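> A predicted structure for the sequence below; I have some questions about it.
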Amino acid sequence: KAGVTQTPRYLIKTRGQQVTLSCSPISGHRSVSWYQQTPGQGLQFLFEYFSETQRNKGNFPGRFSGRQFSNSRSEMNVSTLELGDSALYLCASSLHGGETEAFFGQGTRLTVV
Amino acid sequence: AQSVTQLDSQVPVFEEAPVELRCNYSSSVSVYLFWYVQYPNQGLQLLLKYLSGSTLVKGINGFEAEFNKSQTSFHLRKPSVHISDTAEYFCAVSSLKAAGNKLTFGGGTRVLVKP
């Protein structure tokens, strides 16, 4: 069974640009969550999608957005990049969230210069 | 809202010695509890989880954790560590009431196993 796949693995962007990250969940999983990991703030929840609807949202500015497609694949977008957006972005999928196990991808490391 | 505190940011330990990683949480509602491990340049892998029932939970790779409701703690233990246990460990909670998968993580504990 294939795991959670995140693409690309590494990205370098310039301040002010926008970026789109992709996450393919485990087959059959309908919940996809996104997290930002930085040395200073640790792991922080961005948002969760379930059946193409945003079900939960963290405390991030509107520059961070996401969506989920009918095949449960998800994308997150960050517009007007700032240096502080440099981080490892992790995607996690689960059957339906809650008590079900979240399986994490290897992450996309975004560097903003 | 929930918060998670991992009391030790780094724990050095010798190979074959026991290790305990401490986790305390705060929440106004009942929570599920999790421990995850992250190896360098990798995502997170679930070690174990507490949903309900027995307060002693056994996980993968010989890890176990004990849920203590009165102390709001969920400490992780392993009786004998290996070099391969060198990694960062994260304690996390999610609300029973809220639908969906929204984990609140502690700051992490780096375990360095020395030969």
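Right, received. Where do you want to start?
> show me where chain B has strands.
B:2-6, B:10-14, B:19-21, B:23-27, B:31-38, B:44-50, B:56-58, B:64-68, B:73-78, B:87-95, B:104-105, B:109-114 (DSSP state E).
> Can I get the ones you listed in a markdown table including mean neighbour count and mean pLDDT?
To be clear about C-beta, it is placed using only N, CA and C from the backbone, and glycine gets the same treatment. Output for those, formatted as a markdown table (neighbours: other Cβ atoms under 10 Å in any protein chain shown; pLDDT from 0 to 100):
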| stretch | mean neighbour count | mean pLDDT |
| --- | --- | --- |
| strand B:2-6 | 17 | 95 |
| strand B:10-14 | 13 | 97 |
| strand B:19-21 | 19 | 98 |
| strand B:23-27 | 18 | 95 |
| strand B:31-38 | 23 | 94 |
| strand B:44-50 | 20 | 94 |
| strand B:56-58 | 14 | 96 |
| strand B:64-68 | 17 | 96 |
| strand B:73-78 | 21 | 98 |
| strand B:87-95 | 23 | 94 |
| strand B:104-105 | 20 | 94 |
| strand B:109-114 | 16 | 97 |
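> A:S33: which of the ones you listed is closest?
strand B:87-95 (10.1 Å; Cβ to Cβ).
> Tell me the gap between the closest one and the middle of its chain.
5 Å (Cα atoms, centre = their mean, to the nearest Å).
> Spell out which residues belonging to chain B are near chain A, please.
Residues of chain B lying close to chain A (Cβ under 8 Å from any Cβ of the partner chain) are B:32, B:36, B:41-46, B:49, B:51, B:90, B:92, B:94, B:96, B:98-108.
> 7 Å instead?
Residues of chain B lying near chain A by Cβ under 7 Å from any Cβ of the partner chain: B:32, B:42-44, B:46, B:51, B:90, B:99-105, B:107-108.
> contacting residues for the residue positioned nearest the centre of chain A?
Central residue of chain A (Cα atoms, centre = their mean): A:W34, 3.3 Å from the mean position. A:W34 sits next to A:46-47, A:66, A:76, A:89, A:91 when contact means Cβ atoms under 7 Å, 6 or more residues apart in numbering or on different chains.
> rewinding a little: switch the strands of chain B over to CSV; also include distance to A:V19.
Shown next, in CSV, are the strands of chain B (distance: least, Cβ to Cβ, whole Å):
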stretch, distance to A:V19
strand B:2-6, 29
strand B:10-14, 32
strand B:19-21, 34
strand B:23-27, 33
strand B:31-38, 23
strand B:44-50, 22
strand B:56-58, 39
strand B:64-68, 37
strand B:73-78, 35
strand B:87-95, 25
strand B:104-105, 23
strand B:109-114, 29
